[in-house]
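Visitor: Prediction below, plus the sequence it came from.
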Amino acid sequence: MSVIAAFYGGKSILITGATGFMGKVLMEKLLRTSPDLKVIYILVRPKAGQSLQQRVSQMMNCKLFEKAKEICPNIFEKIRPIYSDLTKPDLGISKEDLEELLTHTNIIFHCAATVRFDDPLRHALQLNVIATQQLLFMASQMLKLEVFIHFSTAYSNCNLKHIDEVIYPCSVEPKKLIDSVEWLDDSIIEEITPKLIENRPNTYTYTKALGEMVVYQERGNLNIAIIRPSIVGASWQEPFPGWVDNLNGPNGLIIAAGKGFLHSLKATPKAVADVVPVDLVINLTLAVGWHTAVHRPKSILIYHCTSGSLNPCLWTDLGFQVLATFEKAPLEKAFRRPNADFTTNNFSTYLWNTISHMAPAVMYDFYLRLTGRKPRMAKLMNRMLKTISMLDYFINRSWEWSSRNTEMLMSQLSNEDQKLFDFDVRHLNWLEYTENYCLGIKKYLLKEDMAGIPAAKRHLRMLRNIHYLFNTVLFLIIWRFFIARSQMARNVWYFVVSLCYKFLSYFRASSTFRH
Ligand SMILES: CCCCCCCCCCCCCCCCCCCCCC(=O)SCCNC(=O)CCNC(=O)[C@H](O)C(C)(C)COP(=O)(O)OP(=O)(O)OC[C@H]1O[C@@H](n2cnc3c(N)ncnc32)[C@H](O)[C@@H]1OP(=O)(O)O
Ligand SMILES: NC(=O)C1=CN([C@@H]2O[C@H](COP(=O)(O)OP(=O)(O)OC[C@H]3O[C@@H](n4cnc5c(N)ncnc54)[C@H](OP(=O)(O)O)[C@@H]3O)[C@@H](O)[C@H]2O)C=CC1
């Protein structure tokens, strides 16, 4: 029997951010490995016109929960949605719901956050710092709370090259910043943001660092641990390979590559693509929850969940495996054949962005206008280039993260738990994982049927022929232009034509001779 799975049996668990990518996988793993848990409280907000119940039932009916429903038939009874909005006082939770949470909650997993890179500081502070503060205050009043697990990111201190499993203080006290932001207007906040974030690329990583400081400062007697995953990708093994449900991290660019939008990407080819599968992160998380509750370490332990030091995969390897997979299993309705390469300097990046991204988009939009359709390609390309500019910081750098605590924890697991809650990234086969990642994006994110692969391949062959035809016509037009204007070009042209003629006549003569 798994010690970790048994630990979660009978427990009342609160998950914030349960409707998110990682929150869903956490919920699924808990329901599948500890079906005898008492209840999972999930904080949910109405979104896109859907009520709480509609969102939860839509979420529970997605493919991710199929296995869990087989093991835990009364799965819906185990889930207790609670209305919440992290931007509201007391997280928007009603008094009755709050009373229930304060009375029963044993374990908190705090996943909720804004993960956008371009959020204004005020909004990112609200979600990643103030909401965390409020949850900590709530936790301090809980009668049966055993452990509080906080999700940060391995990039919270990305302004450092080597990052230890410790909390690094930020230059500004979170409380002072929160008070100031209350009365500063948006334009001033926007102006001071670059100075505040201390060489970090965005407000996301900065507010995650501030969130860690708040967790430390307001820990009180709480039993807390912090998880710092790097770039969380599709599932590796559980509940099945390749599950992913958002455009964050590499996902958007992998789609852009598969659809033929992305033809060049500035990257440090030997830079490490520090991706970790979502199920591996969740296995670590559940192991940390168990270990922290049972062993109650004297101080807050930080657990890095990264791959670069133990089983590195380079951006070039990842990129070319992505292309190889889409060669075998192409995405449907591709704009061009997937074909991309890395650039390593700003000039070639600018050149290739112009030649292979913007120029084809402008020409295609021109064709759309000619055929009476609304142009959209240039807009899509600009959005992709904006996303790339946001991710550029992470693709062109490498970091070293220590993993002492994570390795210590691994040694504390029984053999059975090391299998059931495997977070040893050394077991990961990158080629197989990347292939499943791309197939997962095709099946679960883009909802494309694998039966459509032959048609998608035919579409790519058609695109290839159009590409060859276009290049031939372009060459002839340019060549014709030169021949009309240059004696040298004419001489070369006549020489080539006469050479071809001689070759053909010799070829015809030799074939006649043979007869
Ligand atoms: C050479 C070979 C190459 C071959 C193949 C190469 C493949 C391999 C290479 C891979 C290298 C990658 C490196 C990863 C590094 C990640 C570092 C993570 C750091 C740590 C991770 C964390 O600790 S935490 C997760 C990180 N946090 C995000 O990763 C959110 C980012 N993101 C945003 O911060 C906002 O997205 C941002 C961008 C502002 C736009 O913001 P924006 O306002 O312009 O756009 P919106 O987001 O509003 O989206 C408006 C519409 O664009 C659609 N869309 C949104 N994102 C899209 C996207 N990426 N690709 C396409 N489409 C996207 C969306 O579906 C909407 O579509 P619609 O309008 O129809 O609804
Ligand atoms: N994905 C990654 O690569 C990494 C993620 N992390 C961390 O892991 C955690 C989860 O990330 P991930 O699952 O990818 O993020 P998602 O964006 O997928 O999920 C974010 C969650 O937070 C909730 N949320 C956001 N804003 C609000 C709000 N105003 N009120 C209520 N709920 C809100 C979302 O709810 P809703 O569905 O209603 O929007 C969603 O459930 C985050 O703390 C992130 O920093 C760390 C490292 C890497």
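Guide: Cool, the structure landed. Residues are numbered from 1 along each chain as shown. Ligands and ions are numbered 1, 2, ... in the order given.
Visitor: mind checking how far stretch 448-459 is from the chain centre?
Guide: With Cα atoms, centre = their mean, to the nearest Å as the basis, stretch 448-459 stands 25 Å off its chain's centre.
Visitor: Now do that stretch: everything it contacts.
Guide: Outside stretch 448-459, the residues within contact range by Cβ atoms under 8 Å, 6 or more residues apart in numbering are Ala329, Pro330, Leu331, Glu332, Lys333, Ala334, Leu439, Lys442, Lys443. Placement of C-beta: from N, CA and C, glycine included.
Visitor: What of stretch 39-46?
Guide: 12-19, 23, 27, 30-31, 52, 55-56, 78-86, 91-93, 100-101, 104-105, 112.
Visitor: Any residue of that stretch touching ligand 2?
Guide: Yes: with Cβ under 6 Å from any ligand atom as the criterion, ligand 2 is reached by stretch 39-46 at Arg45.
Visitor: buried set for that stretch?
Guide: For stretch 39-46, burial by neighbour count (16 or more other Cβ atoms under 10 Å) applies to Val39, Ile40, Tyr41, Ile42, Leu43, Val44, Arg45.
Visitor: wait, Ala293 sits on Ile4?
Guide: No: using Cβ atoms under 8 Å, Ala293 is not in contact with Ile4; the gap is 10.4 Å.
Visitor: Which residues of the stretch 51-200 of the chain lie near ligand 2?
Guide: So the stretch 51-200 of the chain meets ligand 2 at Ser84, Asp85, Leu86, Thr87, Cys111, Ala112, Ala113, Thr114, Val115, Leu127, Phe151, Thr153 (Cβ under 6 Å from any ligand atom).
Visitor: Can you tell me, leaving aside adjacent residues, what's nearest to the third one?
Guide: Yep, that's Leu86 we're talking about. Nearest residue to Leu86, sequence neighbours excluded (Cβ to Cβ, 6 or more residues apart in numbering): Ala131, at 3.8 Å.
Visitor: what's the helix or strand for that neighbour?
Guide: According to DSSP states H and E, Ala131 maps onto helix 131-140.
Visitor: For stretch 475-488, the averaged confidence score.
Guide: In this model, stretch 475-488 carries a mean pLDDT of 84.
Visitor: can you count the residues close to Gln58?
Guide: Residues contacting Gln58 under the criterion other Cβ atoms under 10 Å number 11.
Visitor: gap between it and ligand 1?
Guide: 17 Å (Cβ to the nearest ligand atom, to the nearest Å).
Visitor: secondary structure element for the residue of the stretch 251-400 of the chain found nearest ligand 1?
Guide: In the stretch 251-400 of the chain, the residue that lies nearest ligand 1 is Gly252 (2.0 Å; Cβ to the nearest ligand atom). Using DSSP H and E, Gly252 sits in helix 251-258.
Visitor: Show me which residues of that helix are buried.
Guide: For helix 251-258, a neighbour-count test (16+ other Cβ under 10 Å) marks Asn251, Gly252, Leu253, Ile254, Ile255, Ala256, Ala257, Gly258 as buried.
Visitor: That one - contacts with which helices or strands?
Guide: Where contact means 3 or more Cβ pairs under 8 Å, 6 or more residues apart in numbering; DSSP states H and E, helix 251-258 is packed against helix 315-328, helix 377-395, helix 430-440.
Visitor: Now do that helix: distance to the chain's middle.
Guide: Worked out by Cα atoms, centre = their mean, helix 251-258 lies 11 Å from the chain centre.
Visitor: Does it reach ligand 2?
Guide: No: counting by Cβ under 6 Å from any ligand atom, no contacts exist between helix 251-258 and ligand 2, the nearest distance being 9.4 Å.
Visitor: Average pLDDT for that helix, rounded please.
Guide: 97.
Visitor: That helix: what's the following helix or strand?
Guide: strand 264-266.
Visitor: what's the helix or strand following that next one in contact with?
Guide: Heading C-terminal from strand 264-266, the first helix or strand you meet, by DSSP H and E, is strand 275-277. The list of residues contacting strand 275-277 from outside it, by Cβ under 8 Å, 6+ apart, reads 229-237, 249-250, 305-307, 313, 318, 425, 428, 433.
Visitor: So which of those reach ligand 2?
Guide: For ligand 2, the contacts drawn from the contacts of strand 275-277 by Cβ under 6 Å from any ligand atom are Pro229, Ile231, Val232, Gly249.
Visitor: sorry, back to before: now restrict the contacts of stretch 39-46 to buried residues only.
Guide: 12-19, 23, 27, 30-31, 52, 55-56, 78-84, 86, 91-93, 100-101, 104-105, 112.
Visitor: List the ones among those that fall in helices.
Guide: Gly23, Met27, Leu30, Leu31, Leu52, Arg55, Val56, Lys78, Glu100, Leu101, His104 (DSSP state H).
Visitor: Not counting its neighbours along the chain, what's nearest the residue in the stretch 1-150 of the chain that ligand 2 sits nearest to?
Guide: The minimum distance from the stretch 1-150 of the chain to ligand 2, using Cβ to the nearest ligand atom, falls at Gly20 (2.1 Å). Of all residues not flanking Gly20 in the chain, Cys111 sits nearest, at 5.8 Å (Cβ to Cβ, 6+ apart).
Visitor: Report the contact partners of the one you found.
Guide: Ile15, Thr16, Gly17, Ala18, Gly20, Met22, Gly23, Leu26, Phe151.
Visitor: just to revisit the earlier point, so which of the contacts of strand 275-277 are in strands?
Guide: Under the assignment DSSP state E, the contacts of strand 275-277 contribute Pro229, Ile231, Val232, Gly233, Cys305 to strands.
Visitor: still on that earlier bit, quick one: list the elements packing against the helix holding Ala131.
Guide: Partner elements for helix 131-140 (3+ Cβ pairs under 8 Å, 6+ apart): helix 95-104, strand 107-110, strand 147-151, helix 203-217.
Visitor: Return the set of buried residues in that helix.
Guide: Applying 16+ other Cβ under 10 Å to helix 131-140 flags Ala131, Thr132, Gln133, Gln134, Leu135, Leu136, Met138, Ala139 as buried.
Visitor: Show me how the chain divides into domains.
Guide: 3-232+282-311+400-414, 455-514 (automatic domain parsing).
Visitor: Relative to the whole chain's centre, how far out is the last one?
Guide: In this view, domain 455-514 has its centroid 46 Å away from the chain centroid, taken as Cα atoms, centre = their mean.
Visitor: Equivalent analysis for the longest one, please.
Guide: Going by Cα atoms, centre = their mean, the spacing between the C-alpha centre of domain 3-232+282-311+400-414 and its chain's C-alpha centre is 17 Å.
Visitor: May I have the distance across that domain, first residue to last?
Guide: 8 Å (Cα to Cα, to the nearest Å).
Visitor: and it, what's its mean pLDDT?
Guide: Domain 3-232+282-311+400-414 comes out at a mean pLDDT of 97.
Visitor: Could you look up the next helix or strand downstream of the lengthiest helix in the chain?
Guide: For the chain, the helix reaching the highest residue count under DSSP H is reported as helix 453-485. Next helix or strand after helix 453-485 toward the C-terminus (DSSP H and E): helix 487-514.
Visitor: Run a quick neighbour tally on the nearest residue to Thr343 once chain neighbours are set aside.
Guide: In space, and not counting its chain neighbours, Thr343 is closest to Thr349: 4.5 Å by Cβ to Cβ, 6+ apart. Thr349 has 18 neighbouring residues, counting by other Cβ under 10 Å.
Visitor: So is the strand or helix carrying Thr349 next to ligand 1?
Guide: In this assignment (DSSP H and E), Thr349 forms part of helix 346-352. No: applying Cβ under 6 Å from any ligand atom, one finds helix 346-352 separated from ligand 1 by no less than 10.4 Å.
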